[in-house]
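> coords below, sequence missing:
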């Protein structure tokens, strides 16, 4: 009996002149399909057997290609279910929004996994960033930020205790909580740079030690001009990016 080969939403023609191994060529082709939208976030990726049969490749080649994508964070494996396309967030640089707002606008379900919510003494750097006097206490929030259940960032937010006297009451969006008392930032300055994941950051984010992260330092300001928030975000660069529109004067 003849069995029909599984249909794939892309074609693949190995380049015999390329120095890249066959599995890497396949992984790169799959990555382009993800970027082009041929696979949507949370959509199941064809199994290694389906890929091998449809493309006349060995299952070892298909398995190594899928392993490569998983190591990059482009796909996630769910035990007993299969392999799925990982979500990715691209945030515009020109608009001040919270992580929760940005995810909801793109159809993701934002959640937080709290690591710390309490008031502590401010460090010297925090005093300088927030314009605080020595000895001033701050509310410190430390959490993992998730989109549709996938850990996307590790975040530490520090605010003057006067702005957030009960940090344990923050449950979801920090900005939404601050808005209830009229202390939500109206503008912010952000500094972005790349760094390599430390052992602790790697463990929290589920990535290899040394993997590139996007480090975002943001200082948020009230309408009065007073700084009210200092946030350090360590984002998985494979799941999180920024977009910026630029124009050239005629």
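Noted; the coordinates are in hand. All figures in this text were calculated on a predicted structure; none of them were measured in a lab.

> by mean pLDDT, point me to the weakest helix or strand of the protein.
Across the helices and strands of the chain, mean confidence by mean pLDDT, DSSP states H and E is lowest for strand 89-92: a mean of 56.

> quick check: next helix or strand after that one?
helix 99-105 (DSSP states H and E).

> pLDDT of that next one, averaged?
Computed over helix 99-105, the mean pLDDT rounds to 69.

> now stretch 36-43
Mean pLDDT, stretch 36-43: 79.

> what comes up buried for it?
Buried positions in stretch 36-43, judged by neighbour count with 16 or more other C-beta atoms under 10 Å: 39, 41. Placement of C-beta: from N, CA and C, glycine included.

> end-to-end on that stretch?
End-to-end distance of stretch 36-43 (C-alpha to C-alpha, to the nearest Å): 14 Å.

> just how off-centre is the helix or strand encompassing residue 229 within its chain?
According to DSSP H and E, residue 229 maps onto strand 227-236. With C-alpha atoms, centre = their mean, to the nearest Å as the basis, strand 227-236 stands 13 Å off its chain's centre.

> partner strands of the helix or strand harbouring residue 220, parallel or antiparallel?
Using DSSP H and E, residue 220 falls within strand 212-221. Using DSSP bridges, the strands paired with strand 212-221 are strand 187-196 (antiparallel), strand 227-236 (antiparallel).

> and the ones you listed, which one's lowest on average pLDDT?
Among the strands paired with strand 212-221, strand 187-196 scores lowest, with a mean of 88.

> so after that one, what's the next helix or strand?
helix 199-205.

> which secondary structure elements does that following helix contact?
With contacts taken as 3 or more C-beta pairs under 8 Å, 6 or more residues apart in numbering; DSSP states H and E, helix 199-205 sits against strand 150-160, strand 227-236.

> possible to save those as CSV with distance to residue 140 and mean neighbour count?
Shown next, in CSV, are those (distance: least, C-beta to C-beta, whole Å; neighbours: other C-beta atoms under 10 Å):
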stretch, distance to residue 140, mean neighbour count
strand 150-160, 6, 22
strand 227-236, 10, 22
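
> would you tell me which of the ones you listed gets closest to residue 75?
Checking those against residue 75 by C-beta to C-beta gives strand 150-160 as the closest, at 10.8 Å.

> got the contact list for the closest one?
76, 86-87, 89, 99, 113, 122, 126, 130, 132, 136, 138-146, 167, 174, 201, 204-206, 228-236, 239-240 (C-beta atoms under 8 Å, 6 or more residues apart in numbering).

> distance to residue 64 added to the helices and strands packed on helix 199-205, as CSV?
Output for the helices and strands packed on helix 199-205, formatted as CSV (distance: least, C-beta to C-beta, whole Å):
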stretch, distance to residue 64
strand 150-160, 23
strand 227-236, 22
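
> of all the ones you listed, which one is nearest residue 68?
The nearest among the helices and strands packed on helix 199-205, by C-beta to C-beta, is strand 227-236 at 16.6 Å.

> ok, the residue most central in space within the chain to residue 86 distance?
Nearest to the geometric centre of the chain sits residue 152, at 3.2 Å (C-alpha atoms, centre = their mean). Counting by C-beta to C-beta, to the nearest Å, the gap from residue 152 to residue 86 is 9 Å.

> over to residue 135?
Between residue 135 and residue 86 the distance is 44 Å, computed by C-beta to C-beta.

> just to revisit the earlier point, run through who's touching the strand holding residue 220.
Taking C-beta under 8 Å, 6+ apart as the rule, strand 212-221 contacts 96, 129-130, 185-197, 201, 205, 207, 227-237, 240-242.
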